[in-house]
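1. Let's see this in three dimensions:
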Amino acid sequence: MKWVSKEFVEKNERRLLLAIMGLALLLRLLFSFHFGNELIWYDEHNYHSIAESILRGDGFYSTYDPPWTTHWPPLQGYVLAGIYAIFGSEPRVGRIFQDVYGLIILLLIFLIGKKLFSVRIALIGALVFAVHPVFIYVSNTLYSETLFTTLLLTTFYSLMRAIELKRWPYFAVSGVLLGLAMLARPVAIFVLPAIFLWLLVKNRFLYTVTMFALILIMASVTISPWIYYNYAKYGKVFFITQEGAHSLAAANHPLLKKKAAEKQPQDHELVQKLRTAEEDERNKLYYK
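-> Down below sits the predicted model:
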């Protein structure tokens with residue numbers, strides 16, 4: 001069949017990609033208008049609250065129950081605050097920008113797929129991302145996952161170019177992008193071993209160590225202002241957030257598991273303590 005032949009795909013590469021991007025944008029905007037300004041999920045309420053707090057001049061703070069300051073990574077809240085400052089403080093505005101991130105992710109899937117495999121496989125990957133219901137849905141929440149995925153894929157593409165061209169500025173940019181990904185979701189730190197192995201496979205050991213050190217330095221420089229901010233405000237050093245205690249308890253304690261959240265006995269001593277304790281005390285209780 002002509003429309004799936006290699007020659008047809010390569011000849012119409014740009015048109016096919018634009019058609020897929022148009023379809024992806026249409027589907028995401030339909031969902032965006034459907035959700036409107038409704039905040040559905042816990043994370044959405046918190047990021048929206050943080051953005052409004054920043055705009056009010058109250059700093060990085062969520063007033064959603066319970067109030068948090070060091071629980072959330074900063075980038076999503078500050079990006080939302082910037083969007084709200086320009087276009088209005090409405091969740092639907094944030095959703096539209098999340099859809100834009102989705103288009104960037106689609107483009108990166110295509111570029112990475114084309115470089116690693118072929119134009120046809122790259123277009124198939126882009127099409128799957130464009131129409132998959134889960135990807136469409138997540139793109140229309142105010143979750144940090146979409147921004148995080150955009151930054152992480154951009155990091156990988158930058159590294160591919162750096163390895164291909166063997167130019168240190170690309171490695172430096174990759175480090176900055178990785179640092180931004182950490183500020184969106186700190187879990188990005190766990191890709192560092194994979195990056196080191198990737199460099200080692202492609203280059204000599206000394207060159208790998210040098211470029212990996214450059215990536216580490218640039219990522220550290222990128223996240224250091226936030227670490228210093230928390231130290232100056234709270235008098236302690238921690239890696240971006242203190243969210244780990246809550247996640248550990250919520251996933252394992254029978255009273256705090258998400259599935260049991262609506263069935264929590266409100267008069268239980270632990271539940272009462274968590275509702276009234278200051279944030280540092282809550283973190284200690286979570287670890288216990």
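
2. for stretch 147-165, which positions count as buried?
-> 147-163 (16 or more other C-beta atoms under 10 Å). Just so you know, the C-beta spots here come from the backbone N, C-alpha and C atoms, and that holds for glycine as well.

3. Check stretch 106-117 too.
-> Neighbour-count burial for stretch 106-117 flags Leu106, Leu107, Leu108, Ile109, Phe110, Leu111, Ile112, Gly113, Lys114 (criterion: 16+ other C-beta under 10 Å).

4. Columns pLDDT on top of those, output as TSV?
-> Shown next, in TSV, are these (pLDDT from 0 to 100):
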residue	pLDDT
Leu106	96
Leu107	96
Leu108	96
Ile109	96
Phe110	96
Leu111	95
Ile112	95
Gly113	94
Lys114	93
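
5. a markdown table for those residues, including secondary structure and distance to Leu23?
-> Formatted as a markdown table, the buried residues of stretch 106-117 follow (DSSP: H, G, I helix; E, B strand; the rest coil; distance: C-beta to C-beta, whole Å):
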| residue | secondary structure | distance to Leu23 |
| --- | --- | --- |
| Leu106 | helix | 10 |
| Leu107 | helix | 14 |
| Leu108 | helix | 17 |
| Ile109 | helix | 14 |
| Phe110 | helix | 13 |
| Leu111 | helix | 18 |
| Ile112 | helix | 20 |
| Gly113 | helix | 17 |
| Lys114 | helix | 19 |
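
6. Which member of these is positioned nearest Lys11?
-> Within the buried residues of stretch 106-117, proximity to Lys11 (C-beta to C-beta) peaks at Lys114, which comes in at 14.6 Å.

7. you'd agree the closest one is up against Ala122?
-> Yes. Counting by C-beta atoms under 8 Å, Lys114 touches Ala122, with 4.0 Å between them.

8. Low-confidence stretches in this protein?
-> Counting by pLDDT under 70, the low-confidence segments of the chain come to 1-4, 65-68, 242-288.

9. Which parts of it are helices?
-> Under the criterion DSSP state H, helices of the chain are mapped to 6-11, 13-35, 42-56, 75-87, 91-116, 119-131, 133-139, 145-165, 168-184, 192-202, 205-234, 244-252, 269-276, 279-287.

10. which ones are touching Glu44?
-> Pro91, Thr141, Leu142, Tyr143 (C-beta atoms under 8 Å, 6 or more residues apart in numbering).

11. you'd agree the third one is up against His48?
-> In this case it means Leu142. Yes. Shown here, Leu142 and His48 form a contact pair, counting by C-beta under 8 Å, at 6.0 Å.

12. shared neighbours of these two, anything?
-> Overlap of the contact sets of Leu142 and His48 (by C-beta under 8 Å, 6+ apart) consists of Leu39, Leu80, Pro91, Gly94.

13. out of those, who's nearest Gly22?
-> Gly94 (22.0 Å).

14. so who does that closest one touch?
-> The contact partners of Gly94, taken as C-beta under 8 Å, 6+ apart, are His48, Ala51, Leu80, Ile83, Tyr84, Leu142.
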